[in-house]
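Peer 1: Would you be able to build a 3D model of this:
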Amino acid sequence: MCNRARLSSEPETLWGASAALFDERPRDNRFDPQELRPRNRSYVIREADGTRGWDVMGWDVLGGQAAYPMTNVRNLGLAQWRRLAERPANRCVVPLTEFCEFTPERHDLGDGKPPLKGEMWFAVTDQPRFAVAGFWQQTAAGKGFAMVTCDPNALVAPIHPKAMITILAADDVDLWLRGSYAEIVALQRPYDAARMTVRGPLFPTRQG
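Peer 2: Numbering: from 1, shown residues only. Predicted coordinates for the structure are as follows:
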């Protein structure tokens, strides 16, 4: 479920955020928001002390304390997730340009190598950079975040029938960051498939 994503931009004014980072800009090999993978760090937007700005967090809300990175969360009613989702200070939005799901079937590319799954990349046509609902917490490894998922729409369901990330309309970003628990749960819904595109399957490891 959405363990690949991309952001083709640098911090700027989006959805009312200032262009400044809460923490000093990172300079290490684990930081590459243009190719987001589990446990790597990425930009998120959150609010603190009345200021909305950018931060850098690891894509694993448990900070490596589980066998697998906890990158996506569906059930906000579970006690450990509700504790975070209820508090506006622990909510964030994750700016993305596109996200990936892998094909359910493997493809034989006729190159004598084993069949493999293809990458399907989804984008939003009415938002070149779109906001994904998320929440975060401080962990022993630093700040970690997860994206919130929901039912898939008609475009995503044939590729990943269980869930898709919760993409927010631009007008709903304020509500996600500041609203009540009941209000944000109501935003946990699939984005309009007619406002999205998909490309693929792509096989970047077999290029050339």
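Peer 1: drop to CA atoms for contacts and neighbour counts, all remaining ones
Peer 2: Will do.
Peer 1: For stretch 57-66, buried residues please.
Peer 2: Buried residues in stretch 57-66, counting neighbours by 16 or more other Cα atoms under 10 Å, are found at 57-64.
Peer 1: repeat for stretch 114-121
Peer 2: Taking 16+ other Cα under 10 Å as the basis for neighbour counts, the residues of stretch 114-121 that come out buried are 116-121.
Peer 1: again with stretch 90-104
Peer 2: Taking 16+ other Cα under 10 Å as the basis for neighbour counts, the residues of stretch 90-104 that come out buried are 90-103.
Peer 1: I'd like those residues as TSV, with pLDDT appended.
Peer 2: Listed next are those as TSV, based on pLDDT from 0 to 100:
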residue	pLDDT
Asn90	98
Arg91	98
Cys92	98
Val93	98
Val94	97
Pro95	97
Leu96	96
Thr97	96
Glu98	97
Phe99	97
Cys100	96
Glu101	95
Phe102	94
Thr103	93
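Peer 1: ok, so of the residues you listed, who is nearest Leu155?
Peer 2: Here the nearest of the buried residues of stretch 90-104 to Leu155, counting by Cα to Cα, is Glu101; it sits at 11.4 Å.
Peer 1: quick one on the thing from earlier: so which of the buried residues of stretch 90-104 is the closest to Pro128?
Peer 2: So of the buried residues of stretch 90-104, ranked by how close each gets to Pro128 (Cα to Cα), first place is Thr97, at 6.2 Å.
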